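>>> I need the structure of the sequence given here:
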Amino acid sequence: MAAVTAKPIDVHTWSTPNGWKIPIMLEECGLPYRVVPVNIGKGEQMAPEFLKLSPNNKIPAIVDPEGPGGQPITVFESGAILQYLGRKTGCLYPSDARARVAVDEWLFWQVGGFGPMLGQTHHFKIYAPEKIPYAIDRFEAEARRLYGVLDGRLAERDFVAGEYSIADIAIAPWAKFHGKQGIDLSAFSNVRRWLDAVLARPAVQRGLAAV
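Have a look, this model is predicted:
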């Protein structure tokens with residue numbers, strides 16, 4: 001059950017896989033929030049004002065006016081924000097220690113591997129001014145390996161940690177762009193089934209549309 005929060009949480013973000021995670025989580029938990037756009041195409045993430053919120057100059061970051069002890073708190077890094085919101089609300093982040101370990105494993109799998117490797121795939125396939133075959137081949141191969149890991153995990157469960165959780169919220173916005181990563185989901189049927197289910201959730205659709 002989501003905690004009652006009278007004041008909206010400010011979400012400093014942009015329309016990227018990492019940037020969508022937090023509006024999706026807030027929609028799932030029913031918390032009020034306000035999107036503060038940070039246009040990374042214009043370099044707004046490098047502004048001194050944003051640096052005060054996110055020392056690494058990366059979106060997203062949040063400011064919760066009703067943080068621990070009723071005092072404001074700033075949180076940066078998408079995985080840390082998801083955990084914070086899960087602890088704050090009890091929403092999509094289990095209190096059972098064993099179940100929480102499973103969620104954390106797959107959350108960190110995303111922030112430490114799935115996201116960064118797919119981000120490099122996007123860069124070298126689409127945005128790099130020079131197409132470097134070695135880099136494209138390397139990151140496409142790693143993307144296929146990671147999708148294989150995810151597909152195996154989903155072979156015997158509906159969601160990555162069993163029940164729908166912050167781990168699914170972290171992974172799905174990246175998997176949404178499988179085509180840009182050179183991935184054909186016909187080879188990963190469990191991922192296809194899972195992704196369709198996640199993207200069909202009304203809160204996910206609202207979160208994606210919010211940015």
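>>> Could you pull out the helices in the protein for me?
Shown for the chain, the helices assigned by DSSP state H span residues 17-29, 48-51, 78-89, 97-109, 115-122, 133-153, 166-175, 189-199, 202-209.
>>> Turn those into a markdown table, columns for mean pLDDT and distance to residue 57.
No exception for glycine: its C-beta is placed from N, CA and C like everyone else's. Formatted as a markdown table, the helices of the chain follow (pLDDT from 0 to 100; distance: least, C-beta to C-beta, whole Å):
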| stretch | mean pLDDT | distance to residue 57 |
| --- | --- | --- |
| helix 17-29 | 98 | 13 |
| helix 48-51 | 96 | 6 |
| helix 78-89 | 98 | 14 |
| helix 97-109 | 98 | 22 |
| helix 115-122 | 95 | 15 |
| helix 133-153 | 97 | 23 |
| helix 166-175 | 98 | 20 |
| helix 189-199 | 98 | 29 |
| helix 202-209 | 98 | 23 |
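>>> hey, which of those helices is tucked in deepest?
A comparison of the helices of the chain by mean neighbour count, using mean count of other C-beta atoms under 10 Å, puts helix 166-175 on top with a mean of 26.
>>> Could you write out the alpha-carbon coordinates of that helix in PDB?
The C-alpha coordinates for helix 166-175 follow below in PDB (Å, rounded to 0.1, in the frame of the first residue of the first chain):
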ATOM      1  CA  ILE A 166      10.900  -2.600  -9.200                       C
ATOM      2  CA  ALA A 167      13.300  -5.000 -11.100                       C
ATOM      3  CA  ASP A 168      10.800  -5.400 -13.900                       C
ATOM      4  CA  ILE A 169      10.300  -1.600 -13.900                       C
ATOM      5  CA  ALA A 170      14.100  -1.200 -14.300                       C
ATOM      6  CA  ILE A 171      14.500  -3.700 -17.100                       C
ATOM      7  CA  ALA A 172      11.400  -3.100 -19.300                       C
ATOM      8  CA  PRO A 173      12.200   0.400 -20.600                       C
ATOM      9  CA  TRP A 174      15.500  -0.900 -22.000                       C
ATOM     10  CA  ALA A 175      14.000  -4.000 -23.500                       C
END
